[in-house]
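Chemist: curious how this folds, go ahead:
(one chain, ligands or ions: 1)
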Amino acid sequence: QPDPETIVNAFEAALGPIRTHRPSHPKGVCAAGHFTATPDGTRLSVAPVFSGQRNNAIIRFGVAGANPNASDSARGTRGLSIRFESPTGDLFEMANISAPVFGADKPETLVNGLLSRANDPATGRPNPERAAAYAAYVAANPTVGNQGRYLAANNPPASFATTPYWGVNTFLFRGQDGQQRPARWVFEPRAGTERLTEAQMQSLGANFLADELRRRVGAGPVEFDMVLQFPGQGDDLLNPTVAWPADRPRTVVGRLTVTSVEAGAGGPCDPISFMILDQAPGIEMSDDPVLQARAAAYAVSLSRRTP
Ligand code: HEM
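Modeler: Residues are numbered from 1 along each chain as shown. Coordinates of the predicted model:
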């Protein structure tokens, strides 16, 4: 398992030094709102965020890639990141994407994919052997392409408010009954799913999502249902490139409400990485190696982009 510095160094090798922006989803807009668990959520998790009381939420919607000027019309994931602040002062954070799967089955795959694109310091060009080795790995492990296939088959969302956002990794929920249950979550838009048409992908341009969200929230709160999905027999808990079948049991565990959006870029989201090292008791990390690699890598990235 590559250590967090090695992981973030690979981001820098492929994308350039991290100075001010996040190396992933650098384009985004900060919002605020609240989250309240349903009675089922309170039953399924003893975490403070699921107490049933209203948590304040700092929310960031983002556009995938490494480019702070990425196009809102481009294929790629959109992000929904949340810091929950419970009335007792407990914090919980998460970063979700608008695809049910990730593009790397293990942290090494992510690192090798980044390094396969990075310029070799000796030649100033990507190293063909590295690129060939990565291509061979992807050919032998085709689930690594699942995210790309999902994004090719599903046009980008028409609004930050009209796509589901998946947590992708498996977490362990400890319920009021003391039982621990593996689960994955998705935030389902109460406004329904709406995607750009091919014509809109050509006509809407690079920057419409943030203003559309401001207008929408100005007219009334934007809401998402947080839904837990539970695995069936044989479902892989540890590989985030493979989604569980849609017919698995689902339970609505909470409602996220977005009530305001920052007027410009930046704001209170900037100093947050949306992945804390201390997981809440009641929502613990599974052994998914991708999940295990995330928190410390996000902390290293945050430290490199924070003056
Ligand atoms: C080994 C796996 C992964 C690594 C090493 C990684 C690394 C990173 C890093 C370094 C950042 C920037 C953190 C910062 O500077 O604040 C980031 C942001 C982000 N990542 Fe990951 N990531 C991984 C997997 C995932 C997965 C599985 C998801 C989907 C659930 C995801 C979704 C996001 C999102 C949405 C952001 C932007 C958060 C924001 O809005 O600030 N990442 N990632």
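
Chemist: how about the residues of the stretch 201-307 of the chain near the ligand?
Modeler: The stretch 201-307 of the chain comes close to the ligand at residues Pro240, Ser273, Phe274, Val290, Ala293, Arg294, Ala297, Tyr298, Ser301, Leu302, Arg305, as judged by Cβ under 6 Å from any ligand atom. No exception for glycine: its C-beta is placed from N, CA and C like everyone else's.

Chemist: go ahead and confirm the first one touches Gly103.
Modeler: Same thing as Pro240. No. Using Cβ atoms under 8 Å, Pro240 is not in contact with Gly103, being 9.1 Å away.

Chemist: and the two? which has more neighbours close in?
Modeler: Pro240 (27 against 22; other Cβ atoms under 10 Å).

Chemist: spit out the contact partners of that one.
Modeler: Pro240 is in contact with Val101, Phe102, Ala104, Asp105, Val168, Asn169, Thr170, Asp288, Val290, Leu291, counting by Cβ atoms under 8 Å, 6 or more residues apart in numbering.

Chemist: just the buried members of those residues?
Modeler: Val101, Phe102, Ala104, Asp105, Val168, Asn169, Thr170, Asp288, Val290, Leu291 (16 or more other Cβ atoms under 10 Å).

Chemist: Throw these into TSV and include secondary structure and pLDDT, thanks.
Modeler: Converted to TSV, the buried ones among the contacts of Pro240 look like this (DSSP: H, G, I helix; E, B strand; the rest coil; pLDDT from 0 to 100):
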residue	secondary structure	pLDDT
Val101	coil	98
Phe102	coil	98
Ala104	coil	98
Asp105	coil	98
Val168	coil	98
Asn169	coil	98
Thr170	coil	98
Asp288	coil	97
Val290	helix	97
Leu291	helix	97
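
Chemist: looking at these, which two lie furthest apart in space?
Modeler: Pairwise distances among those were taken by Cβ to Cβ; the largest, 15.2 Å, belongs to Ala104 and Thr170.

Chemist: residue in the stretch 1-150 of the chain nearest to the ligand?
Modeler: Gly79 (3.1 Å; Cβ to the nearest ligand atom).

Chemist: quick check: bridge partners of that residue?
Modeler: Gly62, Ile97 (DSSP bridges).

Chemist: correct me if wrong: it contacts Met94.
Modeler: No. Gly79 lies out of contact with Met94 (Cβ under 8 Å); the separation is 10.4 Å.

Chemist: what about the strands in the stretch 101-250 of the chain?
Modeler: Shown for the stretch 101-250 of the chain, the strands assigned by DSSP state E, counting those that start in this stretch span residues 165-166, 171-174, 180-189, 222-229, 250-261.

Chemist: next up, the contacts around the residue nearest to Gly167 when sequence neighbours are not counted.
Modeler: Of all residues not flanking Gly167 in the chain, Trp185 sits nearest, at 4.4 Å (Cβ to Cβ, 6 or more residues apart in numbering). For Trp185, the contact set (Cβ under 8 Å, 6+ apart) comprises Asn96, Trp166, Gly167, Phe171, Met226, Val227, Leu228, Gln229, Val253.

Chemist: out of the residues of the stretch 201-307 of the chain next to the ligand, which is most surrounded?
Modeler: Pro240 (27 neighbours).

Chemist: so how far is Met201 from Glu284?
Modeler: As judged by Cβ to Cβ, to the nearest Å, Glu284 and Met201 stand 40 Å apart.

Chemist: what of Asp236?
Modeler: Taken as Cβ to Cβ, the span from Asp236 to Met201 is 33 Å.

Chemist: looking at this, Val49 is in a strand?
Modeler: No. Using DSSP: H, G, I helix; E, B strand; the rest coil, the assignment for Val49 is helix, not a strand.

Chemist: wouldn't it be in contact with Gln279 here?
Modeler: No. Taking Cβ under 8 Å as the definition, Val49 is not a contact partner of Gln279, at 11.1 Å.

Chemist: what is in contact with the two at once?
Modeler: Phe92.

Chemist: ok, these two, which is more surrounded?
Modeler: Set Val49 next to Gln279 and count neighbours by other Cβ under 10 Å: Val49 wins out with 25 against 17.

Chemist: which residues touch the more buried one?
Modeler: Residues near Val49 by Cβ under 8 Å, 6+ apart: Phe35, Ala37, Asn55, Phe84, Ser86, Asp90, Phe92, Ala280, Ile283.

Chemist: try it again with 6 Å
Modeler: Asn55, Phe84, Ser86, Phe92 (Cβ atoms under 6 Å, 6 or more residues apart in numbering).
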